[in-house]
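Asker: got a predicted structure here, sequence first:
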There are 2 protein chains.
Amino acid sequence: MNFADRLLVSVEKSGTPCMIGLDPRLHDVPIALRENSPRDTIISVNSAIIEALHNRVPAVKLQIAFYEQHGSGGIAALEESIRLAKARKLIVVIDAKRSDIASTAEAYANAFLGSGQGGFDVDAITVSPFLGRDSLMPFVRACNEHQKGIFVLVKTSNPGSSDLQDLSLDTGERVYERLAGFVSELGSSLIGRMGYSSVGAVVGATFAQEAHLLRRLMPHSLFLVPGYGAQGGSARDAANCFDANRRGAIVNATRAITAGHDPALSRSEFITAVRVRIDTMIAEMTTALAGL
Amino acid sequence: MNFADRLLVSVEKSGTPCMIGLDPRLHDVPIALRENSPRDTIISVNSAIIEALHNRVPAVKLQIAFYEQHGSGGIAALEESIRLAKARKLIVVIDAKRSDIASTAEAYANAFLGSGQGGFDVDAITVSPFLGRDSLMPFVRACNEHQKGIFVLVKTSNPGSSDLQDLSLDTGERVYERLAGFVSELGSSLIGRMGYSSVGAVVGATFAQEAHLLRRLMPHSLFLVPGYGAQGGSARDAANCFDANRRGAIVNATRAITAGHDPALSRSEFITAVRVRIDTMIAEMTTALAGL
């Protein structure tokens, strides 16, 4: 089954389009979960979070920067975290925002969208369109060959996204509108049976109006929606990224779910506390989507 | 000493602005250098290339995709390759084109531009401006704190760079011109004693006219110039990235130097063969710069 169908089926089964980020911030890990090395602490906390979420949400997003901080030990923890998530049948997205010239993009596609031999065995990766079409084609080919997915940055959730993505072109379009056309076209050959393409887009929850417009411009693109929670986006804002059937997007939260817990919590108390926050997010999204 | 000064002093000492890429393509490694694991083969071939180049050029560029392909073993080989290069007093640039929202960019800055504890102990990293100013500030702060450098993508060497970077804005500028102003301004507080900032720019050798214009628009930005050799850029093209004093840029070659050697070469024959190609590149750049 192609990636878009797999993701949408998982969302249906879970009953929610919520996705949780696994971005280990070590200073923020409860003392009971800390181990002797960054590698082991990352595995310890991720294993607890995965235990908390796996029957509740369909997918996780691992932000690779938080692993690269710890060098090859951090990357080994990333590999183990991916294994833990896949063992729980979660869809695994790596948030890496990779992009490079075609010959290098092939190496990145091997690393993240290959058959898992040598590289990382994940379902999808975020990529940047900054280098243009030829830089994205190796990823698109890998999606086709290995039933994987990509999410192309179109309008990111941060305030500075306006600096480049909102610039007005001489045609009257904004850069993000131009990118929307580009992503739509790039994904046109990978549309699954449920009407969505394995070439998706990253569209921040923090810009509701733009999200609404982009949903119209990219009717076949799955949206990965960051910015909910700590970044200020509400469930109502994120709902703009869905279609009239309340499908077509997946909403990520990270810090809102996993950060700032009492450092004195035991492992099982931490799992419970994470679950409470996940259930709040799920309820908020359900309400927001019901209002569409 | 700030990064820009350090790089320029190294270039003066070496007498050439040439930089060599260490992008392990394992199918292309001479049989005599192959080991039992991707990790050990990468270290073996990089150690030979570093032996070939270390008295000839001031700097190396490691394209991280070629290491990520091999998972945590590849990243361990990256760490060891960085150590080998630094032991030979080479300036080490990681070509990673990272970019993310500010809180994640901080993690990337820790990974690559920190004090080397936990992350990667390199001198500079390439970054993408796609997410705007706030996404670059953590890198700029790390440059200031740790005497490191960044090279911001402005006009990349690949054909598809025109798709986004060449778009015309409603002001009449191209996107890459707008980015040039942005990078200049971003680097204005980090200008060293030799007149260049530790916030540099990536400008491909393959677009000579644009390079000429960008040199004028960014008088204080060091250029990292890819595209020489396998991508079709000539020494003459790359020379457009230098100032009137033949300074201010560093020109990278990778495949032109390290790829396509006879697989039957012994280690010492491979080192000699790599040296011959480096010497050709150095001679070509010297001639091209003399013609300025």
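Answerer: Ah, there it is.
Asker: going forward, measure contacts between C-alpha atoms and count neighbours the same way
Answerer: OK.
Asker: gap between the residue nearest the centre of chain A and residue A:276?
Answerer: A centroid search over chain A (Cα atoms, centre = their mean) returns residue A:61, at 4.6 Å, as the residue closest to the centre. Applying Cα to Cα, to the nearest Å, the value for residue A:61 to residue A:276 is 19 Å.
Asker: and residue A:160, by the same measure?
Answerer: On the measure of Cα to Cα, residue A:160 and residue A:276 end up 32 Å apart.
Asker: of these two, who's got more company?
Answerer: Using other Cα atoms under 10 Å in any protein chain shown, the more surrounded residue of residue A:160 and residue A:276 is residue A:160, with 20 against 14.
Asker: tell me where the stretch 1-150 of chain A has strands.
Answerer: A:18-21, A:59-63, A:91-98, A:124-127, A:149-155 (DSSP state E, counting those that start in this stretch).
Asker: just the helices in chain A please.
Answerer: A:3-14, A:38-53, A:65-68, A:71-87, A:102-113, A:133-146, A:161-165, A:175-186, A:208-217, A:235-239, A:255-258, A:267-290 (DSSP state H).
Asker: need the winner for burial among those helices.
Answerer: Stretch with highest mean neighbour count among these: helix A:65-68 (a mean of 26; mean count of other Cα atoms under 10 Å in any protein chain shown).
Asker: dump it to CSV, keeping only the CA atoms.
Answerer: Provided in CSV are the C-alpha atoms of helix A:65-68 (Å, rounded to 0.1, in the frame of the first residue of the first chain):
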residue,chain,number,x,y,z
ALA,A,65,18.6,17.5,15.5
PHE,A,66,17.9,16.3,19.1
TYR,A,67,19.8,13.0,18.3
GLU,A,68,22.6,14.6,16.3
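Asker: and it with chain B, contact?
Answerer: Yes. If you take Cα under 8 Å from any Cα of the partner chain as the test, helix A:65-68 does meet chain B, through A:65, A:66, A:68.
Asker: what's the average pLDDT for that helix?
Answerer: Regarding helix A:65-68, the rounded mean pLDDT is 97.
Asker: for stretch A:277-292, same thing?
Answerer: 96.
Asker: from the chain's centre, how far out does it sit?
Answerer: On the basis of Cα atoms, centre = their mean, to the nearest Å, stretch A:277-292 sits 18 Å off its chain's mean C-alpha point.
Asker: can you list contacts of it?
Answerer: A:16, A:17, A:18, A:53, A:56, A:235, A:236, A:239, A:244, A:246, A:256, A:257 (Cα atoms under 8 Å, 6 or more residues apart in numbering or on different chains).
Asker: point out where chain A drops to low pLDDT.
Answerer: Residues of chain A that meet the criterion pLDDT under 70 lie in A:116.
Asker: please redo it, this time with the cut-off set to 90
Answerer: In the prediction, chain A carries residues with pLDDT under 90 at positions A:114-119, A:121, A:229-232, A:291-292.
Asker: which residues touch the residue with the largest distance to the centre of it?
Answerer: When distances are taken from the C-alpha mean of chain A, residue A:170 lies farthest, 32.3 Å away, according to Cα atoms, centre = their mean. By Cα under 8 Å, 6+ apart, the contact set of residue A:170 is B:168, B:169, B:170, B:171, B:172.
Asker: rewinding a little: most packed of the strands of the stretch 1-150 of chain A?
Answerer: strand A:149-155 (a mean of 28).
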